[in-house]
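J.: Structural data only, the sequence is not supplied:
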């Protein structure tokens with residue numbers, strides 16, 4: 001995987017003092033994350049949904065769908081993508097901003113509902129049934145949080161129609177948990 005990332009010009013530089021024997025199998029998630037970022041950044045440049053017509057986007061989706069041929073895998077990928085999106089919102093956006101909080105909670109609601117859908121359709125074991133109940137419960141918690149945050153967005157907008165500074169926090173805020 002590191003050789004593939006090197007060929008794409010996206011390989012992380014290895015610290016030879018902490019990795020005298022090179023990469024280890026537990027480095028795979030890091031390398032996959034780099035590969036995902038590289039693929040998504042390249043896709044964002046080549047498949048802009050704002051282009052008219054969005055031919056690049058259509059080809060991108062067609063190519064993606066040829067590789068993800070099972071419904072269960074597509075649902076897993078969608079949920080994972082949404083969890084990554086929620087994580088990025090909480091990392092890069094001002095978490096005091098009720099719009100960011102609403103977006104994060106809504107994204108996690110969607111991720112949990114997609115997992116619930118997948119488990120309802122494809123889950124067969126008792127563990128799958130427990131995971132389904134957990135996904136539904138979590139989705140309910142996130143939707144309640146999103147509803148409250150959305151109310152704060154409306155309240156804030158009514159008081160201060162233009163309170164955006166455009167600044168991001170200096171360091172990533174702690175992740176909210178449900």
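T.: Now that the structure is in, tell me what you want to look at. Since this is a predicted model, take the numbers as computed values, not measurements.
J.: Return the set of buried residues in stretch 37-57.
T.: 38, 43, 47, 57 (16 or more other Cβ atoms under 10 Å). Every C-beta, even on glycine, is put in place using the N, C-alpha and C of the backbone.
J.: Using the three-state scheme, assign the last one.
T.: Okay, so that is residue 57. For residue 57, the assignment made with DSSP: H, G, I helix; E, B strand; the rest coil gives helix.
J.: On the pLDDT front, check it for me.
T.: With respect to pLDDT, residue 57 scores 80.
J.: leaving aside the residues next to it on the chain, what's closest to it?
T.: Nearest residue to residue 57, sequence neighbours excluded (Cβ to Cβ, 6 or more residues apart in numbering): residue 47, at 4.4 Å.
J.: correct me, but residue 74 touches residue 64?
T.: No. At 9.2 Å, residue 74 does not count as touching residue 64 under the criterion of Cβ atoms under 8 Å.
J.: and the residue nearest to residue 57, what is it in contact with?
T.: Each residue near residue 47 by Cβ atoms under 8 Å, 6 or more residues apart in numbering is listed here: 54, 56, 57, 59, 60.
J.: What are the phi and psi values at residue 13?
T.: Main-chain torsions, residue 13, degrees, to the nearest 10: phi -80, psi 130.
J.: Now do it against residue 2, distance only.
T.: Per Cβ to Cβ, to the nearest Å, residue 13 is found 11 Å from residue 2.
J.: low pLDDT regions in the chain?
T.: Filtered on pLDDT under 70, the chain yields the residue ranges 53, 95, 160-178.
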